[in-house]
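Asks: only geometry, no sequence info:
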Ligand code: DAK
């Protein structure tokens, strides 16, 4: 275990685990915490031993949004000059899979952080919502975009206008998350799934992520051209030779990520 100021990081074999650790304020995302999250994502992304990243929260929240106390006195020009969104933008550049294990409240910026992850596993007690409207603002770190793409316009407007929370079951029904898990098993099951992905050919996993995200932004025709290039590219890898050779020799492949 290795701690930064507001998060704990721990290597679990090929899985890099990050626990947000400001439980007294429900892991409210102040600037320092966001910067530590991004810094750790990038560290794991560069680390050849780590193949999958898991993000969770200590206590009863994943993250209850941006730190309201820190944000309350901000003004528009100050925020533009601080350019905090630059940190958030770096999350989308992470190439390895990131799985959010949502253990409790995921609100506002906390929900946006979860939606910026690739997969979301949630505890039965998790709650999702965008309460920004109650504070006189709106989501600013991707909420209106990612929620709309995932759940559709009508549900996105309902949630963001009302500021109401939804349960994990409802989030599952809306295709916002992958699974709902008993609280005591959340981390164990998430790490087990992360471990499965960690056994796959890393380059293939990486290019699959890139290709799937491309699908959210471009036409099917352009997307398929993009997919094809990545498909060809994998035939230049040692792992493709190893994967297919291992199949023919009826043994388990040993992937190197090369
Ligand atoms: N910020 C600061 N402190 C928070 C907090 C937050 N977001 N959420 C909770 N806390 C603190 C509470 O003040 C309380 O502290 P003490 O009173 O004990 O000192 C402690 O955590 C426990 O919370 P509660 O006593 O309220 O616990 P309850 O179970 O009664 O209620 C709750 C849980 C989650 C319903 C409630 O705490 C709540 O409504 N929290 C606020 C939710 C919220 O409005 N979140 C902020 C949305 S705005 C940006 C990027 C992103 C954003 C903005 C800018 N840039 C890059 C510029 C995002 C904005 C947002 O997220």
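Replies: Yep, that arrived. In this text the structure is predicted, and so the values were computed from the model without any measurement.
Asks: would you map the strands across the stretch 51-200 of the chain?
Replies: Listed in chain order, the strands of the stretch 51-200 of the chain (DSSP state E, counting those that start in this stretch) span 52-57, 61-63, 98-102, 105-107, 119-123, 127-129, 166-167, 179-181.
Asks: who wins for proximity to residue 76 among these?
Replies: Residue 76 lies closest to strand 105-107 among those, at 22.8 Å (CB to CB). For glycine as for every other residue, the C-beta is placed from the backbone atoms N, C-alpha and C.
Asks: anything in that closest one near the ligand?
Replies: Yes - contact of strand 105-107 with the ligand is found when judged by CB under 6 Å from any ligand atom, involving 105, 107.
Asks: need the strands of the stretch 51-200 of the chain in TSV with mean neighbour count, mean pLDDT and distance to residue 233, can you?
Replies: TSV is the format used below for the strands of the stretch 51-200 of the chain (neighbours: other CB atoms under 10 Å; pLDDT from 0 to 100; distance: least, CB to CB, whole Å):
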stretch	mean neighbour count	mean pLDDT	distance to residue 233
strand 52-57	26	98	21
strand 61-63	28	98	35
strand 98-102	28	99	22
strand 105-107	27	98	35
strand 119-123	25	98	23
strand 127-129	24	98	36
strand 166-167	18	98	40
strand 179-181	19	98	31
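Asks: residue 251: which of the ones you listed is closest?
Replies: For the strands of the stretch 51-200 of the chain, proximity to residue 251 was assessed by CB to CB; strand 52-57 is nearest, at 23.4 Å.
Asks: angle of the closest one against strand 98-102?
Replies: 30 degrees (axes from the mean of the first three to the mean of the last three CA atoms, to 10 degrees).
Asks: can you name every helix or strand that strand 52-57 contacts?
Replies: strand 15-20, helix 31-46, strand 98-102, helix 186-198 (3 or more CB pairs under 8 Å, 6 or more residues apart in numbering; DSSP states H and E).
Asks: out of the ones you listed, which comes closest to the ligand?
Replies: The ligand lies closest, by CB to the nearest ligand atom, to one member of those: helix 31-46, at 7.1 Å.
Asks: now do that closest one against strand 98-102, angle only.
Replies: Using the same axes, to 10 degrees: helix 31-46 against strand 98-102 is 140 degrees.
Asks: tell me what helix 31-46 is packed against?
Replies: strand 7-12, strand 15-20, strand 52-57, helix 85-91.
Asks: recalculate using a threshold of 6 Å.
Replies: When contacts are defined as 3 or more CB pairs under 6 Å, 6 or more residues apart in numbering; DSSP states H and E, helix 31-46 sits against helix 85-91.
Asks: list the buried residues in the helix it packs on.
Replies: Using 16 or more other CB atoms under 10 Å as the test for burial, helix 85-91 gives 87, 88, 90, 91.
Asks: and the ligand, which of the residues you listed reach it?
Replies: Answer for these near the ligand (CB under 6 Å from any ligand atom): residue 88.
Asks: tell me where the model's unsure across the protein.
Replies: For the chain, the stretches flagged by pLDDT under 70 are 1.
Asks: show me what contacts the residue positioned nearest the centre of it?
Replies: Closest residue to the average C-alpha location of the chain: residue 117 at 1.3 Å, with CA atoms, centre = their mean. Going by CB atoms under 6 Å, 6 or more residues apart in numbering, residue 117 touches 98, 100.
Asks: how does it look with 8 Å?
Replies: Residues near residue 117 by CB atoms under 8 Å, 6 or more residues apart in numbering: 55, 98, 99, 100.
Asks: before we move on, the earlier item: mind giving me JSON lines with the helices and strands packed on strand 52-57 and columns for distance to residue 255?
Replies: Output for the helices and strands packed on strand 52-57, formatted as JSON lines (distance: least, CB to CB, whole Å):
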{"stretch": "strand 15-20", "distance to residue 255": "15"}
{"stretch": "helix 31-46", "distance to residue 255": "18"}
{"stretch": "strand 98-102", "distance to residue 255": "19"}
{"stretch": "helix 186-198", "distance to residue 255": "10"}
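Asks: I'm done for today, thanks for sticking with me.
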